[in-house]
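Q: Give me a model of this one.
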Amino acid sequence: MVIGVDTLPVLPTDPGDRNRTSPFAFTGNRFEFRAPGSMQTVAGPMVTINTIMAESLDYAATELEAAVAGGVDFDMAVQSLLTQIITDHGAVVFNGDGYSDAWPIEAEKRGLANLRTTLDALPELITESALDLFEKYKVFNHREMHSRYEIGLEQYALTIGVEARLTLEMGATVILPAAVRHQTELAINIGALAAVGVEPDHAALSEVSAPIAALRSSLAVLRNALAGESEETALGEAEHARDALLPAMSAVRAAADALEEIVADDLWPLPTYQEMLFIL
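A: Reported below is the predicted structural model:
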């Protein structure tokens, strides 16, 4: 690091990840958990990482001890072990842009898993390799791992269910009425202009009518999805939340976002993105 002062010793720069948008960053010699939610805890991930690290150190120590006992020089044994590890697992090392659309494609080429949703990831808790790992180091037995899997499914379905019902309520009782008031004002304006012989412009009315129709439709889909959410198993509930509730909520969100851009500011009942980001 050159700072223009030659009386100080050389200061090495930190080569770690400085991208503060990453929620879970590896910064050279450590992982960082950044800004977990108020209902989240890093205890579970820490237990998992430490157990994985214990297995890795156990493996490395066992290999080195066996090599040295067989007469191999320690430094040569370390070099051979590191070479073998990077040969077997080097596919996980990626120094490009991990946020680009190209990385998932590249990861798939390398044979790496890409678990996009919580429901995709939860079954990894009860794979044979995971069960054996945690039991080997006496962290969790098989029953305890299965209980965590079931709790994860229940929390996933419960959280999305609560959010879906809130989305439905806000869309039907807050956003839709505001949009309809705006639509009504435009219709009244068109009628008033036509009554006095002025040719009205219907563009604004057409512009707001389309997302209102989309909002009504998406709310109906969400209402039906909530009505049919009862399943017999925790996995069924979670799958319903992922496959039915989340897409319906996204559709409501898309229609609401479109309306936020065109409904009159004095009629819009919620803080807009502009107000939250730029107006103090």
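Q: Show the pLDDT at residue 162.
A: At residue 162, the predicted lDDT confidence score is 96.
Q: That one - how many residues pack around it?
A: 10 (other C-beta atoms under 10 Å). (C-beta placed from N, C-alpha, C; glycine too.)
Q: For residue 175, see how far away it is.
A: Distance of residue 162 to residue 175, given as C-beta to C-beta, to the nearest Å: 18 Å.
Q: again with residue 197
A: Taking C-beta to C-beta, one finds residue 197 at 36 Å from residue 175.
Q: which one of the two has more residues nearby?
A: residue 175 (23 against 6).
Q: And for that one, nearest residue in space, chain neighbours not counted?
A: Nearest residue to residue 175, sequence neighbours excluded (C-beta to C-beta, 6 or more residues apart in numbering): residue 256, at 5.1 Å.
Q: Surely that neighbour is in a helix?
A: Yes - according to DSSP: H, G, I helix; E, B strand; the rest coil, residue 256 belongs to a helix.
Q: quick one, what contacts it?
A: 171, 175, 215 (C-beta atoms under 8 Å, 6 or more residues apart in numbering).
Q: what comes up buried for stretch 140-148?
A: Of all the residues in stretch 140-148, those buried under the rule 16 or more other C-beta atoms under 10 Å are 140, 145, 148.
Q: With stretch 62-74 instead?
A: Quick answer for stretch 62-74 (16+ other C-beta under 10 Å): 63, 64, 67.
Q: cool, stretch 185-203 as well?
A: The neighbour-count check on stretch 185-203 (16+ other C-beta under 10 Å) flags 186, 190, 200 as buried.
Q: Distance from it to the middle of the chain?
A: Taking C-alpha atoms, centre = their mean, to the nearest Å, the mean C-alpha location of stretch 185-203 is offset from the chain mean by 46 Å.
Q: give me the low-pLDDT residue ranges for the protein?
A: Scanning the chain for pLDDT under 70 picks out 1-6, 8, 11, 13-23, 28, 229, 279-280.
Q: domains of it?
A: Following automatic domain parsing, the chain resolves into domains at 49-146, 153-278.
Q: Let me see the contact set for residue 163.
A: For residue 163, the contact set (C-beta under 8 Å, 6+ apart) comprises residue 249.
Q: what are the ranges of the helices in the stretch 51-200 of the chain?
A: Taking DSSP state H, counting those that start in this stretch, the helices of the stretch 51-200 of the chain run over residues 74-89, 102-109, 118-121, 128-136, 142-170, 176-195.
Q: Of all those, which one comes closest to residue 29?
A: helix 74-89 (16.3 Å; C-beta to C-beta).
Q: chain center to that closest one: distance?
A: Remark: helix 74-89 is offset 35 Å from the chain centroid, using C-alpha atoms, centre = their mean.
Q: Just the C-alphas of that helix, formatted as PDB.
A: Extracted as PDB, the C-alpha positions of helix 74-89 are listed here (Å, rounded to 0.1, in the frame of the first residue of the first chain):
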ATOM      1  CA  PHE A  74       6.400 -33.700   6.100                       C
ATOM      2  CA  ASP A  75       6.800 -30.800   3.700                       C
ATOM      3  CA  MET A  76       6.500 -33.100   0.700                       C
ATOM      4  CA  ALA A  77       3.500 -34.800   2.300                       C
ATOM      5  CA  VAL A  78       1.800 -31.400   2.800                       C
ATOM      6  CA  GLN A  79       2.500 -30.400  -0.900                       C
ATOM      7  CA  SER A  80       1.100 -33.700  -2.100                       C
ATOM      8  CA  LEU A  81      -2.000 -33.400   0.000                       C
ATOM      9  CA  LEU A  82      -2.700 -29.800  -1.100                       C
ATOM     10  CA  THR A  83      -2.200 -30.800  -4.700                       C
ATOM     11  CA  GLN A  84      -4.700 -33.600  -4.300                       C
ATOM     12  CA  ILE A  85      -7.300 -31.400  -2.500                       C
ATOM     13  CA  ILE A  86      -7.200 -28.700  -5.200                       C
ATOM     14  CA  THR A  87      -7.400 -31.400  -7.900                       C
ATOM     15  CA  ASP A  88     -10.400 -32.900  -6.300                       C
ATOM     16  CA  HIS A  89     -12.200 -29.700  -5.200                       C
END
